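> how would this look folded up:
(chains A and B)
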Amino acid sequence: NAGVTQTPKFQVLKTGQSMTLQCAQDMNHEYMSWYRQDPGMGLRLIHYSVGAGITDQGEVPNGYNVSRSTTEDFPLRLLSAAPSQTSVYFCASKNGGAAANEQFFGPGTRLTVL
Amino acid sequence: QQQVKQSPQSLIVQKGGISIINCAYENTAFDYFPWYQQFPGKGPALLIAIRPDVSEKKEGRFTISFNKSAKQFSLHIMDSQPGDSATYFCAASKRDSNYQLIWGAGTKLIIKP
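Okay, here's the model as predicted:
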């Protein structure tokens, strides 16, 4: 099992550009989520999904879109990149949907917006 | 609104010593408290977790102590080793929010040889 994979590992964007961060998991997990990690702030939830076709907003959703057409994939779209979106982005998945189970994280995407 | 407060921000411990990281929470509805460990350039990974029906959980050198009345929980690393050097995050979650994790700000732990 590859677990949770994310691409790209690094990305530099100019203000106003759009892009999609890819996330895939091969563990057949129902629940997937996107976090951003900023120094001194822990991880903040951007969007999450409890199953294919179902998505919802987290704590900091503005400027981001998600979709969940399959169980495996959960891409995160930046609509018009801003310097405030410079961060490290992590995708995670867990089994059991609403259960208190271990979250498995991808290796992250380090995004810089100039 | 910071619902989980973690301290200290950074911690330096001698090899063989005890590392202690503390967290406090506000929402009494939280009923799952995990600790995650993150090495540089990697995603966080679950280290140990506790439910509020027990006051302590031990897994090897790692122990969570839980004080429900004080709304506090802590991670103790016994016989700390250089390989334990990492950033540690506490978190809290509850059933009616799909057990989405509310994270502490993290503690950077350095174990000196």
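
> ok now do A:T71, which residues does it touch?
Residues in contact with A:T71 (Cβ atoms under 8 Å, 6 or more residues apart in numbering or on different chains) are A:N28, A:H29, A:E30, A:G51, A:A52. For the C-beta atoms, the positions are set from N, CA and C on the backbone; glycine is no exception.

> tell me, how many neighbours does the second one end up with?
Residue neighbour count, defined by other Cβ atoms under 10 Å in any protein chain shown, stands at 21 for A:H29.

> Point out where chain A drops to low pLDDT.
For chain A, applying pLDDT under 70 flags the ranges A:97-98.

> mind checking how far the helix or strand bottoming out on mean pLDDT in chain B is from the chain centre?
Least confident helix or strand of chain B, by mean pLDDT, DSSP states H and E, is strand B:102-103 with a mean of 93. Distance of strand B:102-103 from its chain centroid, counting by Cα atoms, centre = their mean, to the nearest Å, is 11 Å.

> for the helix or strand following it, packing partners?
Following strand B:102-103 in sequence order, the next helix or strand is strand B:107-112 (DSSP states H and E). Contacts defined by 3 or more Cβ pairs under 8 Å, 6 or more residues apart in numbering or on different chains; DSSP states H and E place strand B:107-112 against strand B:10-14, strand B:19-25, strand B:86-92.

> send the alpha carbons of the second one over as CSV?
Spelled out, that is strand B:19-25. What follows is strand B:19-25, C-alpha atoms only, in CSV (Å, rounded to 0.1, in the frame of the first residue of the first chain):
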residue,chain,number,x,y,z
SER,B,19,10.1,15.1,28.2
ILE,B,20,6.7,16.5,29.2
ILE,B,21,4.3,18.4,26.9
ASN,B,22,1.1,19.8,28.2
CYS,B,23,-2.3,20.6,26.6
ALA,B,24,-5.5,22.2,27.9
TYR,B,25,-8.8,22.2,26.2
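
> what about B:Q14, neighbour count?
The burial count for B:Q14: 11, using other Cβ under 10 Å.

> again with A:G40
7.

> Please apply the same query to B:G16.
For B:G16, using other Cβ under 10 Å, the count is 11.

> What values do phi and psi take at it?
With angles defined as degrees, to the nearest 10, B:G16 sits at phi 90, psi -10.

> That'll do, ta.
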